[in-house]
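Engineer: Just to be clear, the model below is a prediction. Sequence and coordinates:
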Amino acid sequence: MSIGKPIIESWAEDILVNPKTKTPCKIQDFRSINGIIDSRVFLRNTYGFSVWLEGQDVYETWEADGAPTHIKRENGKTIKDQVQAFQYEIDYDRPTYENFVLEGKILDVGGAAGTLRQFLPPNSKYISIDPNINAPLNVTKEKAQAYTCLKNDFSFLAGMAEFLPFKEEVFDWVHMRSMLDHVQIPDLALIEAHRVLVGGGALLVGISIEGGRDGHATLKETTKELVRKILGKLGIDKWKDHHIWHPTFSNLKKLIESNGFTIEETYWQPKFENRVVYIKAIKS
C-alpha cells in the first residue's frame, strides 16, 4: 500500500520565514533531514526543556511503534486489531469535525502525519508542523488503511509551536489537538498562533481537562495518579506522566483569552465523558 510523502506545496513555500527572525526564507535556507525541512528551534537552556525532551522521546517511540496498540470501546472490550482500532479512533473524532468545519488555509500544529485531513474539505490548503521530524515516515500500513487521507502527499515540516516559520496573517485556522499540554511554553505557542492567523481567523484547541467539565477528579483518576506517583518513587516509570501542563477548564480559557483570542464556542467531545474539550476562539 502506497503512503503519501511529506512535501512543501508552492503556496506553503511562499509563506515560509525564519522561525526566529521572521524574515522571508526559501526552502534551501533550511536544513533538510531525509528530504524534510527542519525549522525546529530548541530552548535547551530554558526551564523545562529536559522534561519536555524526555516526554518527546517517549512520544516519538510510541508513534514509531505504530500506536495505538489498542483502544477500549464503550462496552469495555479491548480492540487489538490495528485497522479496527484506528477506525474507531476516526469514528469518535468525526463528530468534533462535523461540529467545527475547518476550511481555507489550515495550520495543524503538532499535526504529525496529518490525520486531520481525514475530516477536511478536499479543496483545503493544509500543512502540518511537528517536532517529530519522522512523523510522516512512521505511518503503518494499518493506519493508512483506516485513514485513507494518508495515501496522499501533504505539506509537512518539522518545527515548534513556539517558533512557527510562517508569515503573519496567512492562515484561516490554527488547529491544536492533544498537543498544548506537551509544549514547553504554552503562552508562546498561542502568541505564535495569533500572529499567523488572518484577522477574524479561528484557533481550535482540543485537550484533556484536569478534573473534567465540573472541575472534580473522579476517584478512578485520583487513584491512578497516586499509584503512578508511588511507582515512580520505586523507580518504575512505565506509566510516568509526560505532560508538561495539566490545565483545568478555567486555566485553559484564561490562557486563550489572555493571548488575544475571544472564545466563541466550547464543545465537549462525547467519547470522553466530559474530559476532553474543544474550544474555538477568534483572533481579536
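Structural biologist: Everything's here; your move. Just so it is clear, the model here is predicted, and its values are computed rather than measured. Residues are numbered from 1 along each chain as shown.

Engineer: pLDDT wise, what is the residue found closest to L150 once you drop the neighbours it is linked to in the chain at?
Structural biologist: Nearest residue to L150 in three dimensions, chain neighbours excluded: A144, at 4.3 Å (Cβ to Cβ, 6 or more residues apart in numbering). Where C-beta positions appear, they are placed from N, C-alpha and C, glycine not excepted. On pLDDT, A144 comes in at 94.

Engineer: Also K229?
Structural biologist: Reported pLDDT at K229 in the predicted model: 60.

Engineer: The one 4 residues further on now?
Structural biologist: The per-residue pLDDT reported for K233 equals 59.

Engineer: what helix or strand does the residue nearest to L150 sit in?
Structural biologist: Using DSSP states H and E, A144 sits within helix 141-146.

Engineer: what's the helix or strand that that helix is followed by in contact with?
Structural biologist: Under the assignment DSSP H and E, the closest C-terminal helix or strand after helix 141-146 is strand 154-158. Residues from elsewhere that reach strand 154-158, judged by Cβ atoms under 8 Å, 6 or more residues apart in numbering: 4, 6-9, 12, 30, 33, 36-40, 111, 113-114, 117, 126-133, 135-136, 165.

Engineer: least trustworthy helix or strand in the chain by mean pLDDT?
Structural biologist: helix 219-233 (a mean of 58; mean pLDDT, DSSP states H and E).

Engineer: Contacts for the helix or strand just after it, please.
Structural biologist: Helices and strands here follow DSSP H and E; after helix 219-233, the next one along the chain is helix 249-257. The contact list for helix 249-257, computed with Cβ under 8 Å, 6+ apart, reads 186-187, 190, 203, 205, 207, 209-211, 213, 215, 247, 263, 277, 279, 281.

Engineer: Which entry within those corresponds to the minimum pLDDT?
Structural biologist: Lowest pLDDT among those: G215, 75.

Engineer: Could you list the buried residues of the longest helix anywhere in the chain?
Structural biologist: Longest helix in the chain, counting residues (DSSP state H): helix 82-99. For helix 82-99, burial by neighbour count (16 or more other Cβ atoms under 10 Å) applies to Q82, A85, F86, Q87, Y88, E89, Y92, D93, T96, Y97.

Engineer: now, among these, which is nearest to W268?
Structural biologist: Nearest to W268, judged by Cβ to Cβ, of those is T96 at 9.8 Å.

Engineer: returning to what we had before: so how far is the helix holding A144 off the chain centroid?
Structural biologist: 19 Å (Cα atoms, centre = their mean, to the nearest Å).

Engineer: on contacts alone, who are the packing partners of that helix?
Structural biologist: Helix 141-146 sits against helix 82-99, with contacts defined as 3 or more Cβ pairs under 8 Å, 6 or more residues apart in numbering; DSSP states H and E.

Engineer: packing partners for the helix it packs on?
Structural biologist: Helix 82-99 is packed against strand 71-72, helix 141-146, with contacts defined by 3+ Cβ pairs under 8 Å, 6+ apart.

Engineer: How about residues contacting the following helix or strand past it?
Structural biologist: Counting by DSSP H and E, the element after helix 82-99 in chain order, helix or strand, is strand 105-109. Contact with strand 105-109 is made by 11, 114, 116, 120, 124-130, 161, 164, 166, 170-177, 179, 189, 193, 196, as judged by Cβ under 8 Å, 6+ apart.

Engineer: and the angle for strand 105-109 with strand 154-158?
Structural biologist: 40 degrees (axes from the mean of the first three to the mean of the last three Cα atoms, to 10 degrees).

Engineer: Understood, closing this out.
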